[in-house]
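Q: show me how the following folds:
(chains A and B)
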Amino acid sequence: MLDIDSLRDQAECALQHHLDNIQLLEEIDSEHHEAPALQLKNTILIEVVKPLEEMILMLEMFSKMGLENVPHSMFIKWQIRFDCLLSRMGLVL
Amino acid sequence: MNELLTALDSISRELNRSISAFSNLQKIRALVSKDLRPIFLGAPGRDDMFLLAGNLDSLKCLIDVEIEEAHCLLVSCSKARGLASKNAHGTSLGQRLQELANVDAAVQDKEIARYVPGLAPLELSMPALEGIYAGLDGWGRWTSTLELHSSALKKLALQFPSTHPFSPPFGMIVNMLNSIFLWCEEQRKIQVAIEVLSKPNNKVGPDYGSFLRLELLELKRQVVRLPRGEEE
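A: Numbers count the residues shown, from 1 in each chain, chains lettered A, B, ... in the order given. Reported below is the predicted structural model:
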């Protein structure tokens, strides 16, 4: 069974970590590194931040529905996505 | 002679009880069939629904066969009683008693672990099938109906020996009811999910409107209209 609270905690921690990193990237003012920093920031936003925000949003929806009311097809689809996302970040093996 | 008449009386009582039990079983089967009719007609055609409808029809025929057999045995019993009371011992009485031998053996055993045509299992109890869906509507009503019928028929099925001709259709009916229950339950959940995703959410930023809209579209694609006459 999906542990919504635990998954949300993991996702929020990971999100905060990446937002802090983005903050650090934004503080780089060296002309030489401005372009790569911007590119890295965009990659993190698209590949990590957005999926994590979607994950948190969907967990909130699951919470509102009640886990026993989440359609099976939706549950399977999102469980796989959560696992993929968290394992890609090294949060689960 | 008195002993024979007593035995014939108890056979007659058991056969009458069996006819009454089979008739009640037929009523339960008819009620299940009637309750599920809208879903057979209104929901998209699924294999389990065809199988369920077919097995409910098969069960009806098998119950009728058992009632017919019990009536035939009752006639034999009545004729044997007539012959015995007139002390007419002969081939005719012997033949009648031969026909009743299996029923008598089962009645004497006080339990039926084997199939005896025309005889319902002793102490066959019929489950109650009403008053469950008050206050429910939509797919929730269907899941409750299916759950109730599945559990009632399962209780009934367990009272018949596995060699009884009712056992295969009973098994199939219970399995198909469970399968349709899961499908209706998924529809009920989709209904809930659509309601939640459709509600305005202040926390959701503009970027996520389209994300939720896609999810909602995906759910709406899977949803099936309630069977005719069940729309709110």
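Q: which residue comes closest to residue B:12 once chain neighbours are left out?
A: Residue nearest to residue B:12 in three dimensions, not counting chain neighbours: residue B:77, with 4.9 Å by Cβ to Cβ, 6 or more residues apart in numbering or on different chains. Yep, even glycine has a C-beta here, placed from its N, CA and C like the rest.
Q: pLDDT value on the one you found, please?
A: pLDDT for residue B:77: 90.
Q: just the element for the spatially most central residue of chain A, please.
A: Residue closest to the mean C-alpha point of chain A, counted by Cα atoms, centre = their mean, is residue A:52 at 1.7 Å. When elements are defined using DSSP states H and E, residue A:52 is found to belong to helix A:50-65.
Q: show residues contacting that helix.
A: Helix A:50-65 is touched from outside by A:2, A:4, A:7-8, A:11-12, A:14-15, A:18, A:70, A:78, A:81-82, A:85, B:189, B:192-193, B:196-197, B:203-204, B:207-208, B:211-212, B:215, with contacts defined as Cβ atoms under 8 Å, 6 or more residues apart in numbering or on different chains.
Q: tell me who's in contact with the nearest residue to the residue nearest to the centre of chain A once chain neighbours are set aside.
A: In space, and not counting its chain neighbours, residue A:52 is closest to residue A:15: 4.5 Å by Cβ to Cβ, 6+ apart. Under the criterion of Cβ under 8 Å, 6+ apart, the neighbours of residue A:15 are A:49, A:52, A:53, A:56.
Q: which of the residues you listed tops the neighbour count?
A: For these, neighbours were counted by other Cβ atoms under 10 Å in any protein chain shown; the highest total belongs to residue A:52, with 23 neighbours.
Q: quick check: phi and psi on residue 88?
A: You didn't say which chain, so I picked chain A. The phi and psi torsions at residue A:88 (degrees, to the nearest 10) take the values phi -60, psi -30.
Q: please go with chain B instead
A: Note on residue B:88: backbone dihedrals following degrees, to the nearest 10 are phi -90, psi 70.
Q: still on that earlier bit, list the buried residues for whatever helix or strand the residue nearest to residue B:12 lives in?
A: Residue B:77 belongs to helix B:47-85 when assigned by DSSP H and E. Residues B:48-49, B:51-53, B:55-56, B:58-60, B:62-63, B:66-67, B:69-70, B:73-74, B:76-77, B:80-81, B:83-84 are the ones in helix B:47-85 that count as buried (16 or more other Cβ atoms under 10 Å in any protein chain shown).
Q: the next helix or strand after that helix versus helix B:47-85: what angle between them?
A: Sequence-wise, the next helix or strand beyond helix B:47-85 is helix B:91-109, with elements assigned using DSSP H and E. Relative orientation of helix B:91-109 and helix B:47-85, computed by axes from the mean of the first three to the mean of the last three Cα atoms, to 10 degrees: 120 degrees.
Q: ok, and what's touching the helix or strand following helix B:91-109?
A: Under the assignment DSSP H and E, the closest C-terminal helix or strand after helix B:91-109 is helix B:138-157. When contacts are taken as Cβ under 8 Å, 6+ apart, the neighbours of helix B:138-157 outside the stretch itself are B:25, B:28, B:32, B:35-36, B:39, B:124, B:126-129, B:132-133, B:136, B:166-167, B:170-171, B:173-174, B:177-178, B:180-181, B:184-185, B:187-188, B:191, B:226-227, B:230, B:232.
Q: just the element for the closest residue in space to residue B:124 that isn't next to it in sequence, please.
A: The spatially closest residue to residue B:124, leaving aside those adjacent along the chain, is residue B:21, at 4.8 Å (Cβ to Cβ, 6+ apart). With secondary structure defined by DSSP H and E, residue B:21 is part of helix B:2-42.
Q: tell me how far that helix lies from the chain's centre.
A: Remark: helix B:2-42 is offset 12 Å from the chain centroid, using Cα atoms, centre = their mean, to the nearest Å.
Q: list the buried residues of the lengthiest helix in chain A.
A: The helix of greatest length in chain A, counted in residues with DSSP state H as the criterion, is given as helix A:4-26. For helix A:4-26, burial by neighbour count (16+ other Cβ under 10 Å) applies to A:7, A:8, A:10, A:11, A:14, A:15, A:18, A:22, A:25.
Q: what of stretch B:6-21?
A: Neighbour-count burial for stretch B:6-21 flags B:7, B:8, B:11, B:12, B:14, B:15, B:17, B:18, B:19, B:21 (criterion: 16+ other Cβ under 10 Å).
Q: from chain A, how far off is residue B:96?
A: Plainly put, residue B:96 is 60 Å away from chain A if you go by Cβ to the nearest Cβ, to the nearest Å.
Q: got it, and residue B:18?
A: Between residue B:18 and chain A the distance, using Cβ to the nearest Cβ, works out to 43 Å.
Q: shaky segments in chain B?
A: Chain B contains residues with pLDDT under 70 at B:1, B:111-113, B:129-136, B:201-208, B:228-232.
Q: helix, strand or coil for residue B:200?
A: State at residue B:200, reduced to three classes by DSSP: H, G, I helix; E, B strand; the rest coil: coil.
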